[in-house]
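Novice: structural data only, the sequence is not supplied:
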């Protein structure tokens, strides 16, 4: 885990927690799966199925916000995130797997340090297309 990135996310969020770690790891997995260029011209949109601590990880890492018009919510009650790269038309949906019970700090460390994102998330295609921008 990139310590500087994690510290930036914690500063934005106000505290460290497993929920924030979920959003950070989902963002990093999406960057890798879609070969996203965060610093470049890739137009990234996230549709989250929850409004929890994980969203601040999405806001910081993927730079998706409601103000920029590239962060949307569906009330699905899941730790699931559909990420769209509108530049190339690719997308992925990451759904947090059922993880074994752990103490809070142990869960956070596991989420941040597990090298294989496939042990944390199921990777799917989103169940919908983004509407065209007006």
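Specialist: Now that the structure is in, tell me what you want to look at. Fair warning: this is a prediction, and the values are worked out from it, not measured in the lab.

Novice: OK, contacts around residue 11?
Specialist: Contacts for residue 11 (C-beta atoms under 8 Å, 6 or more residues apart in numbering) come out as none. C-beta coordinates here come from the backbone N, C-alpha and C atoms, glycine included.

Novice: doesn't it belong to a helix?
Specialist: Yes - assessed by DSSP: H, G, I helix; E, B strand; the rest coil, residue 11 belongs to a helix.

Novice: now do the strands in the protein.
Specialist: Ranges of strands in the chain, per DSSP state E, are 44-48, 71-73, 80-85, 90-96, 121-124.

Novice: mind listing what's buried in the lengthiest helix in the chain?
Specialist: The helix that spans the most residues within the chain, counting by DSSP state H, is helix 18-34. Within helix 18-34, the residues that count as buried by 16 or more other C-beta atoms under 10 Å are 18-31, 33-34.

Novice: for that helix, packing partners?
Specialist: helix 3-13, helix 54-61, strand 80-85, strand 90-96, helix 104-113, strand 121-124 (3 or more C-beta pairs under 8 Å, 6 or more residues apart in numbering; DSSP states H and E).

Novice: select, out of those, the one closest to residue 73.
Specialist: helix 54-61 (8.2 Å; C-beta to C-beta).

Novice: quick one: that closest one to strand 80-85, angle?
Specialist: Angle, helix 54-61 to strand 80-85, by axes from the mean of the first three to the mean of the last three C-alpha atoms, to 10 degrees: 20 degrees.

Novice: average pLDDT for helix 54-61, rounded please.
Specialist: Averaging pLDDT along helix 54-61 gives 97.

Novice: show me where pLDDT drops low in the chain?
Specialist: Residue ranges of the chain with pLDDT under 70: 131-134.

Novice: what number of residues lie near the residue nearest to residue 32 when sequence neighbours are not counted?
Specialist: The shortest distance from residue 32 to any non-neighbouring residue, by C-beta to C-beta, 6 or more residues apart in numbering, is to residue 117 (7.3 Å). Residue 117 has 16 neighbours, counted by other C-beta atoms under 10 Å.
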